[in-house]
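[1] structural data only, the sequence is not supplied:
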């Protein structure tokens, strides 16, 4: 039937739209830069907002944890634009398992948190 062909085609186009991601086997480890690129792309697809930078990155027992800076609201002047820090968790294959906003701030504001802790 043509339905299986359509399903296969849609899966191929879905994989292509995610970028040049390589499928990883259980024994293979992802390179950190691949994880960062893929996490940014997935977060942008989920939220509709582009990631500006990754401010923290850590391998965990369950996969990966990142903090990603995202532009949430563009204002003029640019120093008044609103950015947010999102904590993003990924499984060992690099797929997002969850995210949450942990901080929101104006681009021109200095970080008021004490360094070295939360």
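    Nice, thanks for sending it over. For clarity, every value in this text was computed on a predicted model and none was experimentally measured.

[2] tell me the bridge partners for residue 83.
    Bridge pairing for residue 83 (DSSP bridges) gives the partners residue 71, residue 105.

[3] that one: how many residues sit nearby?
    Neighbours of residue 83 under the rule other CB atoms under 10 Å: 18. C-beta coordinates here come from the backbone N, C-alpha and C atoms, glycine included.

[4] same question for the one 3 residues further on.
    The local packing count at residue 86 equals 21, with neighbours defined by other CB under 10 Å.

[5] repeat that for residue 30.
    Residue 30, neighbours per other CB under 10 Å, totals 19.

[6] checking it next. Helix, strand or coil?
    What DSSP: H, G, I helix; E, B strand; the rest coil gives for residue 30 is coil.

[7] kindly report the same for residue 33.
    Under three-state DSSP, residue 33 comes out as helix.

[8] how much space between it and residue 59?
    Between residue 33 and residue 59 the computed distance is 13 Å (CB to CB, to the nearest Å).
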